Structures are given as structure tokens and as C-alpha cells.
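Undergrad: output the structure for:
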Amino acid sequence: MKILISGASGLVGQALAKSLLADGHTIARLVRPETEASEMDVRWDPMAASVDVPAMEGIDAVVNLNGASIGDGRWTPERKAILRSSRIDSTRVLVDALAHMQKKPRVLVSASANGYYGDRGDEILNDSSEGGTDFLALLARDWEAEARRAELSGIRTVLARFGVILSSRGGALSKMLMPFRFGVGGRFGTGKQWMSWIGLADVIGIIRAAIDNERIAGPLNVVAPNPLRNAEFTRIVAATLHRPAIFPAPEFALKIALGQMATPLLLASQRVVPERLLAMNYPFCFDNFATALPAMLSGKDYRVSRIGIACVPLWNA
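TA: Modelled structure (predicted):
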């Protein structure tokens, strides 16, 4: 297959491209005007609503991973506008371009996030649960709405609601571990809030399953089967690193340090479960954080082999 990836330079995009290339697929990247491009890449400028549509012909699948980092910088009005535009506007431009193709791709897998659900306490959230009302929830709602317009063109559309993606290769894990490495780690706030996480190898396996499996469409919770409370996360990290966890970060201190993003990123509770993936018997590489973390720290959580991601079996249930 020929697969087009937006956001191909990010953690997930790079890993996905390596996995697909290892299995003999062809990769094209959506690249901006200032970016060096290969012969297979497709030029676009989402700010100018410009896409080289003829260069997209022959694409079988599209994976949309575009979006500025949620945790980089305080949420000023200007930063919020960037977070929305980099997701909502860019997805609108991409979907409009897909609609103008002579032969449409058969599937669009578009990134979303567990932030869709908002702060929900102990409520168990499945793929069909209602959305929340805070900034991240409304951002995810509008992001998904733009992606779903691809269905009007007859394109099967999957909304991949990612949990916190953890890997030795980068992303959130290194930031989360840093205080513990310096001996000043501890729970956030009360520590009772739920955290839904996912290993990078499973992210890639699930995206590939969503590309291949015609039965997968609509919202899909991309999370491990066992979410954990922040206090349990803290305990496991401290024990694995052989560091103390005696310096809790009070809610008021987090809000002073991080402003508006402290609550949705660190204090909100989202007990999200992958109900649809479990019903389809998706074979998770990492379903338990206590066993996943040592693999991540040793660099054994993700490896590209001749058949893609080493620990994810070929799966098309």
C-alpha cells in the first residue's frame, strides 16, 4: 500500500513510517514549503489552505497526526489559537484535499485524544462515552468533526483517541520521569486521578490495524486495558527507578507553575478503556504499566523488524 502521513516527523509518525517501510509499504509525507521533500512526498501549506492534490493520487490510506504539542508553553490565548489551528484548520485543509482526489483513499486514520472526555472522576469511559466541556474536550470534539467530513466522500474514517503515549524514544515519559531521577518525584495533587496510557509499540500496531481492518471506523480508544491512578503510577515509577516519591506536588502549586493547563494535563481524571479493541481481541504488547515501564526504560519497548513492530503480531481480526 501507499500511505500518506501528516505529522510524519513526530514520535508516532517516525515510528509508524519505519514500521510500514519494514513491511514493504510505500510512505509519502505531507511536507510544508520550507521542508526538504523526497520524490514521494506531497507539498502542502495548511496556513494557506494549499495542497498538491495531483501528487496525492494513488494514496491508499492517510494517517493524520498533525498538531502542535499540548504541553509546550503556557496556554495563553495565542497558544490556544495555535493548538486549535494546528489540529482543526490543518485537518479541514487535508479533508478538503481528499474530497478533490479523483480516486479517494479507502481510509483516514485521524489522531484525537482522551482529552475528548474531560475530567470524569472514577467514571469508566468507553469509545462511545459522551465528551467533556473543557478546552481540551472541545478542541478534540472540533478536531474530530473536521476529520469525520471525510465520510461524506466515502472514506472510512477512524478517530484514534490516544492516551498518554509512553516510550523510551521520547514523548511524555522522559518528562514524567525527570523529577524521580533527581529524587524529587511524587504524586500530583491528591493522586486519585486516573491516567490512561499506551505504549508506542501498541500505538503503531493499532494504527496499522485501523488501516487494514474494514470493521474499524469512528471513535477508537487507543489506550492500554489497565488505566492507573496517579498515586499508583508514582509508586511504580519510584520502585522501578529505586528513588523516593515523597515530594507531592500540591494542586495550587501546579496551577501557579503551569496555569490553565495544569488541570487538564495533570489533575484531570480520565479512566478510559479500549472496549472496542478488547472486543476484537487486539493483542496488546503492554497491558500493565508495572511490566511495561522496565521494558521502556531498557529500550525494549519498541523495535522495527522485517515484520514491523517486533512485539505486535500481524493482526486483522
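
Undergrad: look up how far residue 111 lies from residue 264.
TA: For residue 264, the distance to residue 111 (CB to CB, to the nearest Å) stands at 17 Å. Every residue, glycine included, has its C-beta placed from N, CA and C.

Undergrad: of the two, which one has the most company?
TA: residue 111 (28 against 20; other CB atoms under 10 Å).

Undergrad: so what's the more buried one up against?
TA: Taking CB atoms under 8 Å, 6 or more residues apart in numbering as the contact definition, residue 111 lies against 7, 12, 64-67, 143, 160, 162.

Undergrad: what's the closest of those residues to residue 84?
TA: residue 143 (8.3 Å; CB to CB).

Undergrad: measure how buried that closest one is and give me the count.
TA: For residue 143, using other CB under 10 Å, the count is 28.

Undergrad: now swap in the one 10 residues further on and tell me
TA: By the other CB under 10 Å criterion, the neighbourhood of residue 153 contains 16 residues.

Undergrad: likewise for residue 35?
TA: Residue 35 has 13 nearby residues by other CB under 10 Å.

Undergrad: need the three-state assignment for it.
TA: Recorded secondary structure, residue 35: coil (DSSP: H, G, I helix; E, B strand; the rest coil).

Undergrad: try residue 78
TA: helix.

Undergrad: okay, it: pLDDT?
TA: Per-residue pLDDT puts residue 78 at 95.

Undergrad: distance of it from residue 84?
TA: In terms of CB to CB, residue 78 sits 11 Å off from residue 84.

Undergrad: what do you get for residue 98?
TA: Going from residue 98 to residue 84 by CB to CB gives 21 Å.

Undergrad: of these two, which one has the most company?
TA: Per other CB under 10 Å, whichever of residue 98 and residue 84 has more neighbours is residue 98, with 22 against 17.

Undergrad: looks to me like the more buried one is in a strand.
TA: No. Using three-state DSSP, the secondary structure at residue 98 is helix, not a strand.

Undergrad: hang on, it packs against residue 155?
TA: Yes. With contact defined as CB atoms under 8 Å, residue 98 counts as touching residue 155 (6.3 Å).

Undergrad: centre-most residue in the protein?
TA: Central residue of the chain (CA atoms, centre = their mean): residue 162, 3.9 Å from the mean position.

Undergrad: hmm, it is touching residue 198, no?
TA: Yes. Counting by CB under 8 Å, residue 162 touches residue 198, with 6.5 Å between them.

Undergrad: identify the contacts common to these two.
TA: 222-223.

Undergrad: identify the contacts common to residue 98 and residue 155.
TA: 104-105, 108.

Undergrad: need the residues you listed in JSON lines (columns: pLDDT, neighbour count and distance to residue 223).
TA: Below are the shared contacts of residue 98 and residue 155 laid out as JSON lines (pLDDT from 0 to 100; neighbours: other CB atoms under 10 Å; distance: CB to CB, whole Å):
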{"residue": "104", "pLDDT": "97", "neighbour count": "17", "distance to residue 223": "30"}
{"residue": "105", "pLDDT": "98", "neighbour count": "23", "distance to residue 223": "26"}
{"residue": "108", "pLDDT": "98", "neighbour count": "29", "distance to residue 223": "21"}
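
Undergrad: dump these into a markdown table; add secondary structure and distance to residue 260 as well.
TA: Shown next, in a markdown table, are the shared contacts of residue 98 and residue 155 (DSSP: H, G, I helix; E, B strand; the rest coil; distance: CB to CB, whole Å):
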| residue | secondary structure | distance to residue 260 |
| --- | --- | --- |
| 104 | coil | 39 |
| 105 | coil | 37 |
| 108 | strand | 31 |
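
Undergrad: need the contact list for residue 41.
TA: If a contact means CB under 8 Å, 6+ apart, then residue 41 has 28-31, 55 as its contacts.

Undergrad: to clarify, my last question referred to residue 128.
TA: Contacts of residue 128 by CB under 8 Å, 6+ apart are residue 219.
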